[in-house]
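Visitor: Build me a model:
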Amino acid sequence: MRQQAHPNTIIHYLYGFYCLGYSRVELSIIYNKAVRTIGNWINTYEETGTFQHTPSGHDNTFTAAHRQWLCNLYSKHPLAYLDEAQDAFQSAHQISISKSTVWRLLHECGLTRKVLERRAMHIKEADVFRFVEELSLINRCHANLVFLDEVSFDNRGMIRKRGYSLKGLTIAIRGDFQRKPRVSVLTFIGVTGVIDSNDTVGSFDRVEFVKCCSDFAYSTRGNVHQYPGSNSVWILDGASIHRHPEIVHFLRSIGIVPIFLPV
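Guide: Reported below is the predicted structural model:
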């Protein structure tokens, strides 16, 4: 006689399905459950936000305005987690709400959870030609090149692969997918791999960025020499902080040739 699955089993299954990428068939073998049973777990989770069926009934605590507020929140932040929406709702309305209720209200608004479709940013053809021309005018041997860039993330933003949108519509996020002011890392990469890196809480401002560049340029580890010496050609993206006239002037004043990637 088959026993009902323990809640821990269902939780582990849902983690394997949504976070680890296992298929229903693979997990049915691991947990010795029928694929149909596993499908029921998924349906329950996607309909209620929990792993257990909740009693039916109408909740008059939340008005149409509350539902619309949640819809507007996910229109601006489709990748938000349920607990983030829960905290934002409680801060805005001073009303307690559970994550399962957030999920239910989203479904009542017609929003469903979908796999994120990531699309590359379009690059201007003229800027590509500019980049190629600049490279053609300098000594660009491998020992000269240094690539540097910074990235900001938190421990959950990097793994967000699903979000909410209206039924029949696709979620598409362009460009940088998650830039929260949690931790930022600036890395210098040469022909042999990572040469140096710096980190800061929040995002790098112009002062911090210049300091990191200066420290790297004058450090023994950086092995930076004036152009056309080693590590003297720096490749950066077109972020406004990189293109600031003071930063460009500083790099050139110490013998470094900055070249910006197409944007």
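Visitor: List the buried residues for stretch 14-34?
Guide: Leu14, Gly16, Phe17, Tyr22, Arg24, Leu27, Ser28, Tyr31, Lys33 (16 or more other CB atoms under 10 Å). C-beta coordinates here come from the backbone N, C-alpha and C atoms, glycine included.
Visitor: which residues are contacting it?
Guide: 5, 9, 12-13, 35, 37-39, 41-42, 45, 51, 159, 162 (CB atoms under 8 Å, 6 or more residues apart in numbering).
Visitor: Please narrow the buried residues of stretch 14-34 to those residing in helices.
Guide: Leu14, Gly16, Phe17, Arg24, Leu27, Ser28, Tyr31 (DSSP state H).
Visitor: ok so, going back, looking at the contacts of stretch 14-34, state which has the most neighbours.
Guide: Tyr13 (24 neighbours; other CB atoms under 10 Å).
Visitor: quick one: contacts for it?
Guide: Neighbouring residues of Tyr13 by CB under 8 Å, 6+ apart: Leu27, Tyr31, Lys33, Ile38, Trp41.
Visitor: Give the other helices and strands that the helix or strand encompassing Asp83 contacts.
Guide: Using DSSP states H and E, Asp83 falls within helix 82-93. Applying 3 or more CB pairs under 8 Å, 6 or more residues apart in numbering; DSSP states H and E, we find helix 82-93 packed against helix 64-76, helix 99-108.
Visitor: can you give me the helices in this protein?
Guide: Secondary structure of the chain (DSSP H): helices at 7-18, 24-31, 35-48, 64-76, 82-93, 99-108, 125-136, 206-218, 240-243, 245-253.
Visitor: how far off helix 82-93 does the fourth one point, in degrees?
Guide: Right, helix 64-76. For helix 64-76 against helix 82-93, the angle by axes from the mean of the first three to the mean of the last three CA atoms, to 10 degrees is 130 degrees.
Visitor: Use 672 as the first number from now on
Guide: New numbering, starting at 672: the last item is helix 735-747.
Visitor: other SSEs contacting helix 735-747?
Guide: Packed next to helix 735-747, using 3+ CB pairs under 8 Å, 6+ apart, are helix 753-764, helix 770-779, strand 833-837.
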